[in-house]
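Chemist: Sharing a sequence plus its predicted fold:
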Amino acid sequence: MCPPEHFGVLYEINPWMHREVTVDLDRAGDQWSALVATLIEAGATVELLEPQPGLPDLVFTANAGTLNNGNYVASRFRHPYRQPEVDHDVAWFTDHGYNVAALPEGIGHEGAGDALPFRGVFLSGYRSRSDAGAHGPLSALLGAPVRPIELIDPRLYHLDLTFCPLDDRRALVAPSAWDRYGRKVVEALVPEPLVLDDDEMLAFCGNSVVVGRTVVMPSCTPRVGRQLELWGFDVVVVDIDEFLKAGGGCRCLTLALDVALGPTGPASGRSGAATEGAPPPSSETGAAR
Ligand code: ARG
């Protein structure tokens, strides 16, 4: 995570951002600190990236890159405003001992904001930000299968606004944000989906962080909360409305470091917000691993 010292809405690169809206930096700082405290309370270890002047969206570390088993694939941002973030992200991962890789020149991908592990594969969103052609190279660099999903609603421009893995069977899903093929992919992959309606999805319910059995959410409706509790999750709703002004929620403010999919097994000695993407014991995903 990256403290919001230099956060702001200084440009407009998604439909939620309006430059005339001012960010209350003190409030943003308090909201961010409360999110950190909530994640730690739930059992996460939080590591920090140093904030940089002139890079207001660096707080959204979900977009720093994609991780698997200690391999880090740097993002390649579509918008020039965010491109200078990459050097800072790469420096952090280099200093922390990850294997650092880059996508081929000309192929855009915005990291864990657009690639989420579930049952042995990465789902990867494309269109607004990431390129459809990223999935092949990403799969090779991550050593895991990647399935592309087209994001058809410009308001839900990253996959992590529409999909949130909860455990090895369940996920929050927002199918109306995906093309027909994407819906089929998720339908076949997720045994127990919790389908978000349009209001829930546009309130960023899906942009939640899961730490063990705790789901930390930017918003939650009684219906969604009830189902999550029935499934044995604790729901914590945090106020992060300063960040919604830039089109980002809780999930966008974090990057899971402990993703461990595929044949090489879990990376050892690393910690992050949650243990993500561990394949289930069922043989169903065997072919994908
Ligand atoms: N203002 C940022 C942008 O438009 C928000 C990033 C949200 N990140 C995410 N993982 N959905 O790039």
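Modeler: Right, received. Where do you want to start? Numbering: from 1, shown residues only.
Chemist: Distance check, residue 204 against the ligand.
Modeler: Taking Cβ to the nearest ligand atom, to the nearest Å as the measure, residue 204 and the ligand are separated by 9 Å. (Each C-beta comes from the backbone N, C-alpha and C, glycine too.)
Chemist: My reading is that that residue is in a helix; is that accurate?
Modeler: No. Under DSSP: H, G, I helix; E, B strand; the rest coil, residue 204 sits outside any helix and is assigned coil.
Chemist: Count the neighbours of the closest residue in space to it that isn't next to it in sequence for me.
Modeler: Sequence neighbours aside, residue 249 is the residue nearest to residue 204 in space, at 4.0 Å (criterion: Cβ to Cβ, 6 or more residues apart in numbering). Other residues near residue 249 come to 27 when the count uses other Cβ atoms under 10 Å.
Chemist: How about residue 48?
Modeler: By other Cβ under 10 Å, 11 other residues sit near residue 48.
Chemist: Is residue 154 in contact with residue 15, as I believe?
Modeler: Yes. Proximity of residue 154 to residue 15 meets the contact threshold set by Cβ atoms under 8 Å, at 5.7 Å.
Chemist: got the contact list for stretch 125-139?
Modeler: When contacts are defined by Cβ atoms under 8 Å, 6 or more residues apart in numbering, stretch 125-139 is touched by residues 14, 66, 73, 77-78, 103-104, 107-110, 113-115, 122, 124, 145-152, 154, 157-159, 162-163.
Chemist: So what would you say the end-to-end distance of it is?
Modeler: The first and last residues of stretch 125-139 sit 13 Å apart, counting by Cα to Cα, to the nearest Å.
Chemist: Buried ones in that stretch, by neighbour count?
Modeler: 125-131, 133-135, 137-139 (16 or more other Cβ atoms under 10 Å).
Chemist: Provide a list of residues in contact with residue 154.
Modeler: Neighbouring residues of residue 154 by Cβ under 8 Å, 6+ apart: 14-15, 128.
Chemist: Three-state assignment for it, please.
Modeler: Taking three-state DSSP, the label given to residue 154 is coil.
Chemist: Quick one, grab the pLDDT at the residue of the stretch 51-200 of the chain found nearest the ligand.
Modeler: When scored by Cβ to the nearest ligand atom, the stretch 51-200 of the chain has residue 113 as its residue closest to the ligand, at 2.8 Å. Note on residue 113: pLDDT of 98.
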